[in-house]
Every structure is written in structure tokens, then in C-alpha cells.
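Visitor: please work out how this folds:
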Amino acid sequence: MSEAGLTSPVVGELPDDVELATRAGHHFLLNHGAEPRVVRLAEQTVDLFHGVLHGTRIELRPFDALVLKSGTDHTENGNPHP
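Guide: Model prediction:
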């Protein structure tokens, strides 16, 4: 990644059963496992399903999915987050 000039939004290692995809500034996190998993991100994010602001530590429930956007951008579709 570094050779391509890219940086990972994840700090440390991503758990084996967690998938991360980034598209258009959105992070899609999926826990494919039957156990909760913790992912550490480089910045705070907003959970677009629930409007919750997360710190850099994200706990994914078993078989959970999250769509996250950078927490520094407090608008979604032109509307401020609460």
C-alpha cells in the first residue's frame, strides 16, 4: 500500500474474519465471525446506519456490518449530524 501512496484506515492488524472495503470515503466493515471483534481506526468515524459518532476503537458484534464515514465531515447529504 505504501508503495502506491495509500494509507490504511486501520491501525494495527485487521482481525482475520473482519472485512474492510473503502469506497468514496466510506468504510464498510463486516464481521464474518461468530465472536465480537475490535478494529482500531486512525480517525473517529460516524456510523451512517445509526448516526453515532465513534472513537477510534470499533467493536463489531458477531456477523455485524457497519458503514462508516470520516468523523471530521459532519454532514451527510448536506445535513449536519446531530
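
Visitor: could you look up the SS state of Leu29?
Guide: Local secondary structure at Leu29 is given as strand here, using DSSP: H, G, I helix; E, B strand; the rest coil.

Visitor: excluding chain neighbours, what is closest to it?
Guide: For Leu29, ignoring the flanking residues on the chain, the nearest one in space by C-beta to C-beta, 6 or more residues apart in numbering is Leu66 at 4.6 Å. Bear in mind the C-beta positions are built from the backbone N, C-alpha and C, glycine included.

Visitor: pLDDT score for the one you found?
Guide: Leu66 is assigned 94 on the pLDDT scale.

Visitor: which SS class is the residue in the chain sticking out farthest from the centre?
Guide: When each C-alpha in the chain is compared with the mean C-alpha position (C-alpha atoms, centre = their mean), Glu3 comes out farthest, at 23.0 Å. With three-state DSSP as the basis, the three-state label of Glu3 is helix.

Visitor: how near is it to Phe49?
Guide: From Glu3 across to Phe49, the span is 34 Å (C-beta to C-beta, to the nearest Å).

Visitor: with Arg37 instead?
Guide: 17 Å.

Visitor: same deal with Leu29?
Guide: Using C-beta to C-beta, which is the criterion applied here, Leu29 is 11 Å from Phe49.

Visitor: check Val10 too.
Guide: Distance from Val10 to Phe49, counting by C-beta to C-beta: 20 Å.
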